[in-house]
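Visitor: Below are the sequence and a predicted model; questions follow.
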Amino acid sequence: MNHFQIKTSIHFGTDALSSLQRIENKRIFVVTDPFMIKSGMIDKVKLQLEEKNEHITIFHNIVPDPPLENIVNGIQVMSAADPDVVIALGGGSAIDAAKAICLFNNRLNQKEAITKEVTFIAIPTTSGTGSEVTSFSVVTDRTKNVKYPLVSDEMLPTEAILDPELVKTVPPFITADTGIDVLTHALEAYVSTLSSDFTDAFSEKAIRLVFAYLEKSFRNGEDHLSREKMHNASCIAGLAFNTASLGISHSMAHIIGAKFHIPHGRSNGIVLPYVIEYNAHIKGYTDRSFSIAASKYAEIAKLLNLPSSDTRNGVKNLIIAVKKLRKDLGMPASLKEAGVKKEEFYQELDSLAEIAMKDKCTITNPRSPSIGDLKNLFEQAFLGN
Ligand SMILES: NC(=O)c1ccc[n+]([C@@H]2O[C@H](COP(=O)([O-])OP(=O)(O)OC[C@H]3O[C@@H](n4cnc5c(N)ncnc54)[C@H](O)[C@@H]3O)[C@@H](O)[C@H]2O)c1
Ligand SMILES: [Fe+2]
């Protein structure tokens, strides 16, 4: 038996932020990052809330790839604020941090038998993680240089607000990194062992939107339509992978991010073409008995109107299209290009493969990798071609 559910209520499109005006006489706790304060983005949110709500506490210490210390501090501030509504404003880092803060705060409350229903509203300001509709949160242990994906339906936001106005300030390089993260979510969900007709529908739409609008939003951040479409694509891909989960591009990107401090989407962009090739497993096959993953990649090639005379040709052209998009977005094609030094890479190679193997996303990859396979993939990603 299979199951698909959307818990989060989604407000999207122009002026979506005004949906906050429904909140009245509540204690509100906002989790965000310093950029949101400096840029004045927080004022747009406060403007919607201040007239009808007296108690608004703002915790703005979240840094990219939120470390455990961020979560611990956040729990203390949340506990003192005693909110009815938690609002996460920012990229995946702020939303993930808010989720972890709420989760652990709930656990503490349960111990003390405090039962308070808190509404959790996620307002993404990057079009990337889809965190506003997922049960996932990624936190970093800086002492061990490891990222931990937490998974719990308790962390699913009650509401998501997708307002394209909030992403217009995202600089081109973050637009590129986060946009490729969207593509990776959709493609990994599409070939995941947990994919279904339901998740495929979301993946297909997200992939189409990325190929149609990512480069436009990268070239002109003020372009309202492409910003809106990419913001929707990010959330739609989130809906796909929240049920179908992900694959080894993410297992690899998690540890690459933790060890070498390369942004999450950029890490995915480097490994994705190699992972597609590995999953499709078309090299050396002379018959037509390709894997399901290979057939599904070829379906995507068709969907994108890429040449795809047969499965092998479709997979190859999808890989070429992903590499071309990455190049057009000015993104590095290898870890070496992204600044990782040879000695450092080879010193870490064994542990990269071991940690990626244990990552939760490896479980749903369409092809089960060995440690040797993962080492090969990391090496390909380091060298590029
Ligand atoms: N929960 C999930 O399902 C999930 C999925 C994928 C990735 N992640 C995690 O999410 C994190 C990455 O999130 P991200 O890619 O959104 O980046 P991010 O939240 O780390 O933000 C990157 C930078 O962009 C800035 N920024 C955010 N919004 C902006 C705006 N509107 N204008 C200008 N600058 C802006 C931030 O201040 C920050 O400096 C990683 O920790 C990754 O592991 C989580
Ligand atoms: Fe991701």
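Guide: Nice, thanks for sending it over. Ligands and ions are numbered 1, 2, ... in the order given.

Visitor: Check Ser203 and give its pLDDT.
Guide: According to the prediction, Ser203 has pLDDT 98.

Visitor: show me what contacts it?
Guide: Ala186, Leu187, Ala189, Tyr190, Ser195, Ala237, Ala240, Ala244 (C-beta atoms under 8 Å, 6 or more residues apart in numbering). C-beta coordinates here come from the backbone N, C-alpha and C atoms, glycine included.

Visitor: Relative to ligand 1, which of the residues you listed is nearest.
Guide: Ala237 (9.5 Å; C-beta to the nearest ligand atom).

Visitor: packing partners for the strand or helix carrying the closest one?
Guide: Assessed by DSSP states H and E, Ala237 sits inside helix 224-244. Contacts defined by 3 or more C-beta pairs under 8 Å, 6 or more residues apart in numbering; DSSP states H and E place helix 224-244 against strand 9-12, strand 119-124, strand 159-162, helix 172-191, helix 197-219.

Visitor: Try it again at 10 Å.
Guide: With contacts defined as 3 or more C-beta pairs under 10 Å, 6 or more residues apart in numbering; DSSP states H and E, the packing partners of helix 224-244 are strand 9-12, strand 119-124, strand 136-141, strand 159-162, helix 172-191, helix 197-219.

Visitor: So which of the ones you listed is nearest ligand 1?
Guide: strand 136-141 (3.6 Å).

Visitor: Paired strands for the helix or strand following that closest one, with orientation please.
Guide: Going down the chain from strand 136-141, the next helix or strand is strand 146-151, by DSSP H and E. For strand 146-151, sheet partners with direction are given as strand 136-141 (antiparallel), following DSSP bridges.

Visitor: check whether the partner strand contacts ligand 1.
Guide: Yes: applying C-beta under 6 Å from any ligand atom, one finds that strand 136-141 is in contact with ligand 1 at Phe136, Ser137, Val138.

Visitor: Assumed Ser351 was part of a strand.
Guide: No: per DSSP: H, G, I helix; E, B strand; the rest coil, Ser351 lies outside any strand segment and is helix.

Visitor: on that earlier part again, can you redo the residues of strand 136-141 next to ligand 1 as a markdown table, where the extra columns are pLDDT, neighbour count and distance to Val151?
Guide: Below are the residues of strand 136-141 next to ligand 1 laid out as a markdown table (pLDDT from 0 to 100; neighbours: other C-beta atoms under 10 Å; distance: C-beta to C-beta, whole Å):
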| residue | pLDDT | neighbour count | distance to Val151 |
| --- | --- | --- | --- |
| Phe136 | 93 | 24 | 6 |
| Ser137 | 94 | 25 | 8 |
| Val138 | 90 | 23 | 10 |
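
Visitor: Up against ligand 1, what does the chain have?
Guide: Checking the chain against ligand 1 by C-beta under 6 Å from any ligand atom, the hits are 33, 35, 64-65, 90-94, 96, 125-126, 128-131, 134, 136-138, 166-167, 169-170, 174, 178, 181, 264-265.

Visitor: hmm, back to that, any chance of the contacts of Ser203 in a markdown table, plus neighbour count?
Guide: Listed next are the contacts of Ser203 as a markdown table, based on neighbours: other C-beta atoms under 10 Å:
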| residue | neighbour count |
| --- | --- |
| Ala186 | 30 |
| Leu187 | 30 |
| Ala189 | 30 |
| Tyr190 | 26 |
| Ser195 | 23 |
| Ala237 | 33 |
| Ala240 | 33 |
| Ala244 | 26 |
